[in-house]
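# Build me a model:
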Amino acid sequence: MRTLLRSAILLSSLPLLPLACSDGSASNANSGVGSGWTADDGGGQEGGPGSGGSSEGSGSSGGSSGDGGARGGGDAGDGGPSDPLSPVYEPPVDTNPADYDANEWITTAMAKVQPSDPPGTVHWALISSARNEFESFQVHVRAPNALSGVTVTVSDLHDAHGGGTISAQANVTVSRELYLSIPSSQVSDANGRAGKVPDALVPTVDPYFHETRNAFPSDVAAGANTSAWVDVFVPPGTASGWYTGTVTVAAGGKTLSTMPIRLKVWKVDLPSTASLRSDFGLSWDGACVQEYGGYSGCGAAVPSGNADDGVEYFHVLYTSFALDHRVSLGGAVYAGPSSTDWTHFDSVYAPLMNGTAKTRLAGAKLTTLNYVGGTAAATVSNWATHFQSQGWLDALVYYHCDEPASGNSCTFADALSEENTVHSAAATLRTLLTANISDITNNGLLDAVDVLTPVVDQMQPHGQASQRPQYDSFLQRSSLKRLYWYQSCDEHESCDQGGTPGPATATWPSYMADASPMRNRVFQWMAYVFGTQGELYYATDLCFTQSCGGSTDPLQSIYAFSGNGDGTLYYPGRPSVIGGQHHVPLSSIRFELIREGMEDYELLHALDTAGQGAFAMTQATSFIQRADTFSDDPTTLYAAREALGDKLHGIALGHP
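The predicted structure is shown next:
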C-alpha cells in the first residue's frame, strides 16, 4: 500500500505471572465516573497555542516512579475520611535510596534504559490508575559481576484500609525487555538514541495462552543491565483506595532487592472500547510468514489444517491483542464473503465487532474496520446492508486510495471516481482518504470524502499556525464526516530508503523505537488538543513480510524508510524463540506507550463529557504547545495525567 516516498507510519515486558484478566478479585467495589461514556466527534477543539522548543532527550532516566507523579494533582476528592484516597489512609513508602541496594532500581514506563546506562536512584514504584486500566513501570538490574538466573516477581497488591486485593497472578504481567542494536548511522533522526535500545517484550507467562515463556530466569553479563516491564491491570469493580505490594529481584534463588509498590486507584472507570477511533494496518500473512514461512504452512496453526483458516486465526489473535491496547486493526478482515452468505464471516469476525472476542478488556470492539470488497455496486451494497443489520456500519470505512497527492498509488481523479461509485451503491458507507483540506477542496472532493485524514505535519507545519480551524466547515457538511490524522516518515523527516537519518528539526510525535518515550506517547494527547476523532497508521507488521535493515527477523531489525519501526509496532512471538507451544504477539515498549496514550485520552475525554473540557485542555496544553513542540520531560505528562485522574475522582465523590 505504501510506496517509497511517504510511508504513513502508524504505529513491552517479560511477564512472570499469568495475564488473564480476572473478574476482579478486589472487594468493596464502588461505582465511579466513566462507565457508559461514548465517543463524541470531538468538534470545536483547536490546535495548541503558542510556540517553543521541544527538548529531545533519551528518556533513560526522566520521570522516575518516585518523582512525585502519583501525587501531582493534589488531594483527590475532598480529602476527608469518606474519600478512599484521603491522605489519612495513604500508606508510607520508604524513599531513602540509602535503604536499598544500588544495583536494582525502578523507573516509570517513560524511560528506555540501555544495558550500559548507570543505575538510577529510585527504588520504589508510585503509580496511579483508573479501573479497567493498565498502568506500567519498569525494574532494572545492574550486574557489577555476572549474574545468572535473574528473576523479577511482583506480589499481590492490598488496600489496608478498604480490604481490597488485586491478584498479581491474574492482573500483573512481568516481561523481559529485548534490545534492538541501532548503529549511529541508522538512527531515525538526530534526536534518536543509538546503541542497544529496548523495545520487544517477552512475557514470563503470556496473557492469551497462559504458557510460561523463557523471559526469566535470565543471565546478565558483568557491567550490563537487564530490564523488566511490569503491567498492572486494575480490574473493573476494584474499590478505590491505596494499594501496596512489592517487587522482588533475585538471582540464582538469592534475593537481591525487595522494593515497594504503591498504587493509587481512582474511583474512575475506563471504557473497554476506545473513545478515540483508530485504523491501524495489518498484513494479510505476516504471522504466517514469521511462524510457518508463508501462507502454505499456515494451516498448522489450526485443527482443520486449512491455510485460509490459519490466516483468519492469526488475524483474530493479533486483532484481539491490539484491542487490549485500545487500538483497532482496520485490516482485521482477511476476505469478505463470496456471495450473500455471511455465516462464515460472522463466525470469525462478529466477536471483534460485538465486543465478545477473547480480550482482556471485556467488551472491547473495533472502532474502525476497512471494507475489502472492491467497487462492484452489488458487493458494496451487500456489505453495507449486512453491516447495517448487525449494527456495525458506523465502524466500516472504504480506505481505497492512499496519498493521492503523491500520485504513487492513485490520483485525486481516481479517488473521486471510486468514492462516487461507492456512495451510489451505499450512501452511508464512509470513504477514507489520506489527504488534507486543501487537497480535497482544490480537487472537488469535499462531499465525496467522509473520513479526511491528513498527516500531523499538514495539520500544523513547522513554524506555522494550526490548520485545524480549516476543517470545521468540512465536519459540518454531513453527519458522516470525521477527521482522523496520522504519522508518516515525515515525522522523522527522512523517507530515504538509503538510510539517511532525519535532522534535529524532527521534533514531532514519533513511533520509532529510538525516539524518546514522550514522542511515542504524546500523539493521543494531541488528538484531544487538535480535536481529531481518530488515528490512522499504515502498517503494524511491515517487517514481518519483508527484509528490514538486512534482516527478515523483526526481532533483529525493524529499520524501514529510514526509521526504526516505521510500519512495525510489535513483534512475532515464535515458540522457537520465546518458548511455549503457541505463537503469540509480542508487545513493544512503543505499543505499550501507545496504549498509555489511548488511556490518557480517555481521561481527557471523560472530563470533556463531564463539562470539564477547559480543565482538560489546560492540562494537555501545559506541556504541548504545538504539533512539533512539546516537553520531552515525562514528569510534565505525569503531572497532567495525575491532575486529570484526581479531578475525575473528585467528580465521582461529588466534589468537582
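# From now on I want contacts and neighbour counts done on CA atoms only, so please keep to that.
Fine.
# longest single strand anywhere in this protein?
With secondary structure taken from DSSP state E, the chain has its longest strand at strand 254-269.
# can you dump the C-alpha coordinates of the helix or strand following that one into CSV?
Heading C-terminal from strand 254-269, the first helix or strand you meet, by DSSP states H and E, is strand 277-280. Output of strand 277-280 as CSV, limited to C-alpha atoms (Å, rounded to 0.1, in the frame of the first residue of the first chain):
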residue,chain,number,x,y,z
ARG,A,277,-11.1,5.7,16.9
SER,A,278,-8.2,4.1,15.2
ASP,A,279,-7.4,2.3,11.9
PHE,A,280,-4.0,0.6,12.1
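# mind checking how far the helix or strand just after strand 277-280 is from the chain centre?
Downstream of strand 277-280, the next assigned helix or strand under DSSP H and E is helix 286-292. Centroid separation for helix 286-292 versus its chain: 23 Å, with CA atoms, centre = their mean, to the nearest Å.
# Does anything pack onto the longest strand of the chain? Which helices or strands?
strand 125-131, strand 241-251, helix 634-652 (3 or more CA pairs under 8 Å, 6 or more residues apart in numbering; DSSP states H and E).
# who wins for proximity to residue 302 among those?
Closest to residue 302 of the helices and strands packed on strand 254-269 is strand 125-131 (CA to CA; 35.1 Å).
# roughly how far is that closest one from the heart of the chain?
The answer for strand 125-131 is 17 Å, by CA atoms, centre = their mean.
# which outside residues touch it?
65-66, 68-70, 106-108, 135-137, 234-238, 259-270, 642, 645 (CA atoms under 8 Å, 6 or more residues apart in numbering).
# Let's see that with 7 Å instead.
65-66, 70, 106, 135, 234-236, 238, 260-270 (CA atoms under 7 Å, 6 or more residues apart in numbering).
# Residue 640 and residue 79, how far apart?
Residue 640 is 19 Å from residue 79, where distance means CA to CA, to the nearest Å.
# no wait, residue 631
In terms of CA to CA, residue 631 sits 31 Å off from residue 79.
# Compare these two (neighbour count), which wins?
For the pair residue 631 and residue 79, the greater number of neighbours falls to residue 631 (20 against 16), based on other CA atoms under 10 Å.
# Does the more buried one touch residue 623 like I think?
Yes: the pair residue 631 / residue 623 is scored as a contact, 5.3 Å apart, by CA atoms under 7 Å.
# In space, what's closest to residue 428 - neighbours in sequence excluded?
The shortest distance from residue 428 to any non-neighbouring residue, by CA to CA, 6 or more residues apart in numbering, is to residue 480 (7.3 Å).
# Quick one: end-to-end distance for stretch 219-226.
Across stretch 219-226, first to last residue, CA to CA, it's 9 Å.
# Can you give me the neighbour number for residue 602?
24.
# so it, which of the three states?
Three-state call for residue 602 (DSSP: H, G, I helix; E, B strand; the rest coil): helix.
# show me the contacts for it.
So residue 602 contacts 270, 275 (CA under 7 Å, 6+ apart).
# Run a quick neighbour tally on residue 372.
18.
# Could I get the full set of helices for the stretch 401-550 of the chain?
Ranges of helices within the stretch 401-550 of the chain are 412-425, 437-442, 456-459, 472-475, 517-521, 523-530, 542-545, based on DSSP state H, counting those that start in this stretch.
# quick one: contacts of stretch 463-483?
By CA under 7 Å, 6+ apart, the surrounding residues in contact with stretch 463-483 are 46-47, 430, 437, 446, 450-453, 459-460, 530, 532-534.
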